[in-house]
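Q: Dropping a prediction and its sequence here:
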Protein chains: 4
Amino acid sequence: MHPGELQRLVDSTPVHRALGLRVTGVGDHEIILEAETGPEHLAEDGGQYLHGGVVATMLDTAATFALIGATDTDWSTVDLRVDYLRPAPPGRLEIRGDAVHIGRRLGRATAEVRAADAGVLLASATGTFARAVSETRTGT
Amino acid sequence: MHPGELQRLVDSTPVHRALGLRVTGVGDHEIILEAETGPEHLAEDGGQYLHGGVVATMLDTAATFALIGATDTDWSTVDLRVDYLRPAPPGRLEIRGDAVHIGRRLGRATAEVRAADAGVLLASATGTFARAVSETRTGT
Amino acid sequence: MHPGELQRLVDSTPVHRALGLRVTGVGDHEIILEAETGPEHLAEDGGQYLHGGVVATMLDTAATFALIGATDTDWSTVDLRVDYLRPAPPGRLEIRGDAVHIGRRLGRATAEVRAADAGVLLASATGTFARAVSETRTGT
Amino acid sequence: MHPGELQRLVDSTPVHRALGLRVTGVGDHEIILEAETGPEHLAEDGGQYLHGGVVATMLDTAATFALIGATDTDWSTVDLRVDYLRPAPPGRLEIRGDAVHIGRRLGRATAEVRAADAGVLLASATGTFARAVSETRTGT
């Protein structure tokens, strides 16, 4: 899938738009997204760090889109493990998704969130995904 | 912790307010939250189901608050596994968090999301959490 | 499936025999196994605790057999999360498996390991499992 | 830690000796082990594939030893996610462990199992580990 198509698909989800997700890179099994997070994504009012659920959302999205981009079909998340390594500050973040294994019905993908500038690894994820049977996107 | 205190803590997070999270039950090791989700939480515009990241956010929050309520101290998420069993429809959802194991430094908690009325299990989670060293909430 | 049939299936695996696994209870979605572990399963020579891999093996087996018993078909492990709560001493252990969700292709099951006498929770697991397409057992 | 020291530590565990684990490579944050598996590790008598618990044991061990080698201190497994990508045949297998994140108290490590010759990825794992407080090895 071309970056433009992937961007359109990303944009069709309100949760993605609220995170300002932009497709900045696409490889054979990989996708790079950038997010623009703000005060509405913080773990507490006036705090310094993002809510863990926001980080999980970005990781889930990048992992799913790595599979979508690699296969041109839709995938839904079966399960996802998220590892929080360092508190993630708001602002511009880079999220990479990688389609590790593409089976007939099940896929595996990983994802990493880093600060856009420093490149420090903030959180990572590994998940199992199911290829969509119909056209309907359900799980992500 | 009393439900009122827990509700105030829940309310101090913009992500929680956006989900309309209300503390509806508190036990020794358990917390029950209700969420009110809407179109902004969907997996796609005009779709029928919530984004997986929204479900992960609710599960992470309930698991963390089960530990906070049980210990009167703050906890941050170290890692979290989320299992998506059925697509979650928007509207009113019930999320239960359960503090399974409370150690000196590490805790384990589980959480479940159900439709508020039907009670069907939609998704569940299991995670490892770290007791906050300082007062600052960082990980959730 | 009857306990006798499940026991025969358990016994057809050398790894299970080495753990002395016995089916001691079977419910609709549940199975209870007992293991008899010894010095060969320790984390170190002369040590006090079992190797984490031995604990994972028991949990994987109980979770898989909960699904096998509940459906009369074979299942293989797609992924498994194991939580180690307390070091597990050798000797007689009780492992419960619970089939949480049974789908057409995917199932979810949990498992818990306890000391046979005291009943303290030592470790737990949650996993995703795939229904076997052919008769061949492959994943467990 | 030198490969020789790591090998001695590996050899002090009966479970490792039963898998014929040999340290074949050591990097700053990485360890490579080779296992020699046989009929006693199969998922069923006369079967073609290893028991999932055996695969989990190898992954847990490699991940833990990546952290031990990188820090010269002991670590125990807090939790571990194992992903089974393809059924693992018996014989010679290569297991790589990688210490992804080393904190004061908690570490994260990943591991991969491949057939020693073909190099196909059979299974992978991600886990959280706790630095041992005393000298006693407990969790692995």
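A: Looks like it came in fine.
Q: Contact partners for the residue nearest the centre of chain A?
A: With distances taken as C-alpha atoms, centre = their mean, residue A:62 lies nearest the centre of chain A, 2.3 Å away. Residues in contact with residue A:62 (C-beta atoms under 8 Å, 6 or more residues apart in numbering or on different chains) are A:31, A:33, A:95-97, A:111. Placement of C-beta: from N, CA and C, glycine included.
Q: likewise residue A:106?
A: Counting by C-beta under 8 Å, 6+ apart, residue A:106 has contacts A:78, A:128-131, C:78, C:130.
Q: Kindly report the same for residue A:63.
A: A:77, A:80, A:97-98, A:109-111, A:125, A:127, A:129.
Q: So which of those residues is the closest to residue D:23?
A: Using C-beta to C-beta, residue A:110 comes nearest to residue D:23 of the contacts of residue A:63, at 26.3 Å.
Q: how about residue A:51, phi and psi?
A: Residue A:51 adopts backbone torsions of phi -70, psi 140, taken as degrees, to the nearest 10.
Q: any idea how far it is from chain B?
A: Counting by C-beta to the nearest C-beta, to the nearest Å, the gap from residue A:51 to chain B is 4 Å.
Q: pLDDT score for that residue?
A: In this model, residue A:51 is scored at 98, pLDDT.
Q: The helix or strand where residue A:80 lies packs against which elements?
A: When elements are defined using DSSP states H and E, residue A:80 is found to belong to strand A:75-84. If you count contacts as 3 or more C-beta pairs under 8 Å, 6 or more residues apart in numbering or on different chains; DSSP states H and E, strand A:75-84 packs onto helix A:52-71, strand A:121-131, helix B:52-71, strand B:75-84, strand C:75-84, strand D:121-131.
Q: export the ones you listed to JSON lines and tack on distance to residue C:90?
A: JSON lines is the format used below for the helices and strands packed on strand A:75-84 (distance: least, C-beta to C-beta, whole Å):
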{"stretch": "helix A:52-71", "distance to residue C:90": "37"}
{"stretch": "strand A:121-131", "distance to residue C:90": "31"}
{"stretch": "helix B:52-71", "distance to residue C:90": "31"}
{"stretch": "strand B:75-84", "distance to residue C:90": "28"}
{"stretch": "strand C:75-84", "distance to residue C:90": "15"}
{"stretch": "strand D:121-131", "distance to residue C:90": "21"}
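Q: Residue D:24 is nearest to which of those?
A: strand D:121-131 (17.1 Å).
Q: near chain C at all, the closest one?
A: No. Using C-beta under 8 Å from any C-beta of the partner chain, strand D:121-131 stays clear of chain C, coming no nearer than 8.5 Å.
Q: Can you list the strands that that strand pairs with?
A: strand D:75-84 (antiparallel), strand D:106-115 (antiparallel) (DSSP bridges).
Q: related to what we said a few turns ago, and the strand holding residue A:80, C-alpha only, in CSV?
A: What follows is strand A:75-84, C-alpha atoms only, in CSV (Å, rounded to 0.1, in the frame of the first residue of the first chain):
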residue,chain,number,x,y,z
TRP,A,75,-6.3,-7.0,10.6
SER,A,76,-7.8,-6.8,14.0
THR,A,77,-5.9,-7.1,17.3
VAL,A,78,-6.3,-10.4,19.1
ASP,A,79,-4.1,-9.6,22.0
LEU,A,80,-1.3,-7.1,22.7
ARG,A,81,1.5,-6.8,25.2
VAL,A,82,2.7,-3.3,26.0
ASP,A,83,6.0,-2.7,27.8
TYR,A,84,6.4,0.8,29.4
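Q: Just the buried positions in the helix or strand following that strand, please.
A: Using DSSP H and E, the next helix or strand after strand A:75-84 towards the C-terminus is strand A:91-102. By 16 or more other C-beta atoms under 10 Å in any protein chain shown, the buried positions in strand A:91-102 come out as A:93-102.
Q: Just list the residues touching residue A:75, thanks.
A: A:64, A:67-68, A:107, A:129-132, A:139-140.
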